[in-house]
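Undergrad: A structural model of the following input is requested.
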Amino acid sequence: MNYSDFGIEDFLSDISFQEYCLGTNEQAVAFWTEWLIDHPEKEEVVNSAKSLYYLLNGNITDRDFKADYNVFKKALGQLDINPVPHEAYVQEIIPLKRSNTKLVMTLTSIAACFLIAFAAYLLNVKKSKEPVINEALSFSSPLGKKKSITLTDGTTIILNGGSKLTVAGSYNISRRDVILEGEGYFDVVHNAQKPFIVHTAKINIKDIGTIFNVKAYPSDKTTEASLIKGAVEITLNNKAKSKILLNPNNKLVLLNNEGANITAGTAKVQAPFVVRNITKNTDGNSVVETDWTQNKLTFFNQPFDEIAVQMERWYGVKINIINPDVKSYHFTATFDHEDITQVLEALKLSGNFKYRKEDNIISIY
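TA: Residues are numbered from 1 along each chain as shown. Below is the predicted model of the structure:
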């Protein structure tokens, strides 16, 4: 079998890989150890698959399995019973001749009894332990990079630069909870029995068969959830625990100080959030809120201080705005694969500013 094209889910579905994770089959362990030596480029994928396998199986690692087995064997030793690993029975039973059928049946019965007893022992031991739910997998996308993730249920996520996604250790067992810090684009596989929930510092987003974008950088002035398809239920993390059902092509904007001045009729009122339409690009063919997933850097009537933060995440640079007047300059533009110098030159044509670039530090004056 050609394992070179395997992804995380493919490895998780392979029986020999599962045996390698648990360390219960010496041949499987030897094969995968040698295979990894020959395919070092797959090490990261294999390690991720192993971690997920342990998490989805109650965090039972090969060390846990062997430790439990040794404790059980010691307990049996007090009864003068000498257990033999399951693989040993298989190796001994197969070569026996037809005349030894009775012996085969006897050994098989002993093996079955031993395995049943071992399974019952493990069940009691695991029940007596507190379930491990705090351990989790974290995925990070550094500044200037994006990262694509496929979870075990088929849900796909794209992380924008400077973002972090934490997947609960109990993911897809009874619940599907993730924690986002930064910006992520979610294409969720719906499961009414196991709702998919994105937790952020200010809001929680529950999917109802959905494609949506969440922008929740701690340093930003706002937290945003933009619904592309389906429906989401959003809960504000405040005392009121307000719930908002968002419709397609709408987005919720929450000021991170939990107050927003919005217009209601002829008066301005204070509200914790506002629901707006998502922003279509000037060509009408794309959505500003999700252009980044198509490698498009888009600004839509944004002040330069917000644009500077966006460019820092996009290019992995630091931008210092020395001239405070420049912060209020507004720009609308879309860039596709341009480097940061080309972007600054284009913005400079319509804005009265100069810049100086020294390595990864850019000064605007």
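
Undergrad: lowest-confidence helix or strand of this protein?
TA: Every helix and strand of the chain was ranked by mean pLDDT, DSSP states H and E. The lowest is helix 86-93, at a mean of 38.

Undergrad: chain center to stretch 354-365: distance?
TA: Its chain's C-alpha centre and that of stretch 354-365 lie 34 Å apart, by CA atoms, centre = their mean, to the nearest Å.

Undergrad: do stretch 346-363 as well
TA: In this view, stretch 346-363 has its centroid 35 Å away from the chain centroid, taken as CA atoms, centre = their mean.

Undergrad: cool, and stretch 145-165?
TA: Remark: stretch 145-165 is offset 5 Å from the chain centroid, using CA atoms, centre = their mean.

Undergrad: who's in contact with it?
TA: 7-9, 12, 52, 56, 138-144, 167, 171-172, 176, 178-189, 191, 194, 196, 215, 217, 292-293, 312-314, 316 (CB atoms under 8 Å, 6 or more residues apart in numbering). Heads up, the C-betas are built off the backbone N, CA and C, glycines and all.

Undergrad: again, only using 6 Å
TA: 139-141, 143-144, 172, 178, 180-189, 292-293, 313 (CB atoms under 6 Å, 6 or more residues apart in numbering).

Undergrad: quick one: end-to-end distance for that stretch.
TA: By CA to CA, to the nearest Å, the extent of stretch 145-165 from end to end equals 14 Å.

Undergrad: would you mark the buried spots in that stretch?
TA: Of all the residues in stretch 145-165, those buried under the rule 16 or more other CB atoms under 10 Å are 146-147, 149, 151-152, 155, 157-165.

Undergrad: what's the closest non-adjacent residue to residue 183?
TA: residue 160 (3.8 Å; CB to CB, 6 or more residues apart in numbering).

Undergrad: quick check: the gap between that neighbour and residue 324.
TA: Separation of residue 160 from residue 324 (CB to CB, to the nearest Å): 27 Å.

Undergrad: can you check residue 184 too?
TA: Distance from residue 184 to residue 324, counting by CB to CB: 32 Å.

Undergrad: out of those two, which sits in the more crowded spot?
TA: Higher neighbour count among residue 184 and residue 324: residue 184, with 26 against 8, using other CB atoms under 10 Å.

Undergrad: mind listing what that one touches?
TA: Taking CB under 6 Å, 6+ apart, we find residue 184 in contact with 157, 159, 214.

Undergrad: including distance to residue 279 and pLDDT, could these go into CSV?
TA: Listed next are the contacts of residue 184 as CSV, based on distance: CB to CB, whole Å; pLDDT from 0 to 100:
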residue, distance to residue 279, pLDDT
157, 22, 96
159, 21, 96
214, 16, 96
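
Undergrad: which one of these is nearest to residue 223?
TA: Residue 223 has its nearest neighbour among these in residue 214, at 8.0 Å by CB to CB.

Undergrad: show me what the helix or strand harbouring the closest one packs onto, helices and strands only.
TA: Assigned by DSSP states H and E, residue 214 belongs to strand 211-216. Judged by 3 or more CB pairs under 6 Å, 6 or more residues apart in numbering; DSSP states H and E, strand 211-216 is in contact with strand 176-187, strand 222-229.

Undergrad: give me the sheet partners of the last one and which way each runs.
TA: Right, strand 222-229. strand 211-216 (antiparallel), strand 250-255 (antiparallel) (DSSP bridges).

Undergrad: got any ranges where the stretch 251-365 of the chain has weak pLDDT?
TA: Along the stretch 251-365 of the chain, segments meeting pLDDT under 70 span 257-271, 284.

Undergrad: for residue 342, helix, strand, or coil?
TA: Under DSSP: H, G, I helix; E, B strand; the rest coil, residue 342 falls in the helix class.

Undergrad: how close does the spatially closest residue to it that is not a sequence neighbour get to residue 185?
TA: Closest residue in space to residue 342, ignoring its immediate chain neighbours: residue 335 at 7.5 Å, by CB to CB, 6+ apart. Distance, residue 335 to residue 185, using CB to CB: 19 Å.

Undergrad: of those two, who's got more company?
TA: Legend: neighbour count by other CB under 10 Å for residue 335 and residue 185, higher for residue 185 (22 against 19).
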